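S.K.: have a look at this prediction, sequence included:
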Amino acid sequence: MTRFIHDQFAKQYLTELLTPYGQVDMSKDITSEVRQIDVLFTPASSSLDRIETLGLLGRMATNSSYAIFEPFRNPVSKSEIRSCIGKLFDIHADLERQAKRNNTRINEEELPYLWIFTPTASVDILESFNVTVHERNWGQGVYLLGKGLKIKTVIIAIHQLPSTPETLFLRILGRGKVQRQAVEELEALSDNSPFLTNIIQLVHDLIAVLSARQEKERDIDQDDRELIMKLSEMYQQQLEEIKKQERQEGEQQGRQEGLLRERRAMIESILQVRFGEVDSELAMIIDRVIAMTREEFTPSLLQLSREELLAKFTK
């Protein structure tokens, strides 16, 4: 289940980053077998200069007419790589059929690339697919598969990426120390980058979802436990900073409304993870829960049953 949570986060994260620069399709169906690609991006010609903001991810997104992104939470396996390549070939075949119908020829250079994001990649995995490295063009940690065969597939070993601003948006999709450090950098960058507001919100949403999942899955892995602690710490720091700004700028009412919206989203996320959906009965107690401090309401949301929650907050 935690893998599904991170898969959804990765898709939403990439969609949020890329939407200002072109068309993004999430979980797009391909072929009659109804296989799905995680993220399909088609860049808009008017945004090619602005997408440089995304660093290495922006270069990948505009390396061809459109790009396919397949992010993995756990180290990618040989079978998963083959499955991704199969989806890429399905897309290529579909483009070739369209070209025949239109009596045109395929431009090989414009065929999309497949970018596979994996937190780590073993030597065995890389050697199995006859990868080549182009550090001059792409830097460390980027591996092109079977160039002579024109597979147009690239594996990004996130743990090998240098810790530079250009790789920040890719390192967010890593694991353990790599991801935690990237989240810290993202928080620091967000102060001067308003366009990152929604991205930060996605990262904060992980607090609620992972915290609720931790209560239900005692075997949640250590990486996620440490990420929960880091995100929670940063979340509290942000709340303190908001309060400080309220006092300094005299905008307490507006800030409070924003804080309440953020708290409501977190409460709804926890209720949804625990009970599957926020129905009308659960929705009725949210306003009362919001009135409490986070320290007061979090244990109740994570520990009480549905019936106990309704009884406690509908008195």
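M.R.: Nice, I can see it.
S.K.: buried set for stretch 135-147?
M.R.: 138-139, 141-145 (16 or more other C-beta atoms under 10 Å). All C-beta spots, glycine's among them, are computed from the backbone N, C-alpha and C.
S.K.: for those residues, which one is nearest Thr132?
M.R.: Leu144 (5.0 Å; C-beta to C-beta).
S.K.: output the helix or strand encompassing Ser300 as PDB, nothing but the C-alphas.
M.R.: Counting by DSSP states H and E, the element that carries Ser300 is helix 294-303. In PDB, the C-alpha atoms belonging to helix 294-303 read as follows (Å, rounded to 0.1, in the frame of the first residue of the first chain):
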ATOM      1  CA  ARG A 294      -2.900  19.300  15.700                       C
ATOM      2  CA  GLU A 295      -1.500  17.700  18.800                       C
ATOM      3  CA  GLU A 296      -5.000  17.200  20.100                       C
ATOM      4  CA  PHE A 297      -6.800  15.900  17.100                       C
ATOM      5  CA  THR A 298      -4.100  13.700  15.400                       C
ATOM      6  CA  PRO A 299      -4.200  10.900  18.100                       C
ATOM      7  CA  SER A 300      -8.000  10.800  17.800                       C
ATOM      8  CA  LEU A 301      -8.000  10.600  14.000                       C
ATOM      9  CA  LEU A 302      -5.400   7.800  14.000                       C
ATOM     10  CA  GLN A 303      -6.600   5.700  16.900                       C
END
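S.K.: that one packs against which elements?
M.R.: helix 197-216, helix 252-275, helix 280-290, helix 306-313 (3 or more C-beta pairs under 8 Å, 6 or more residues apart in numbering; DSSP states H and E).
S.K.: which of these is buried the deepest?
M.R.: helix 197-216 (a mean of 18; mean count of other C-beta atoms under 10 Å).
S.K.: can you give me the mean pLDDT across that one?
M.R.: For helix 197-216, mean pLDDT is 64.
S.K.: what segments of the stretch 51-200 of the chain are helices?
M.R.: 56-61, 78-101, 123-128, 135-138, 168-171, 176-190, 197-216 (DSSP state H, counting those that start in this stretch).
S.K.: what is the first one packed up against?
M.R.: Put plainly, it is helix 56-61. Packing partners of helix 56-61 (3+ C-beta pairs under 8 Å, 6+ apart): strand 67-71, helix 168-171.
S.K.: so can I have TSV of these showing mean pLDDT, mean neighbour count and distance to Leu260?
M.R.: Below are these laid out as TSV (pLDDT from 0 to 100; neighbours: other C-beta atoms under 10 Å; distance: least, C-beta to C-beta, whole Å):
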stretch	mean pLDDT	mean neighbour count	distance to Leu260
strand 67-71	92	23	32
helix 168-171	92	22	29
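S.K.: closest one to Gln303 among those?
M.R.: Gln303 lies closest to strand 67-71 among those, at 32.7 Å (C-beta to C-beta).
S.K.: how close does Leu186 sit to Ile200?
M.R.: 7 Å (C-beta to C-beta, to the nearest Å).
S.K.: helices or strands next to the helix or strand containing Thr42 in the packing?
M.R.: Taking DSSP H and E as the definition, Thr42 sits inside strand 35-43. Where contact means 3+ C-beta pairs under 8 Å, 6+ apart, strand 35-43 is packed against helix 2-18, strand 22-30, strand 67-71, helix 78-101.
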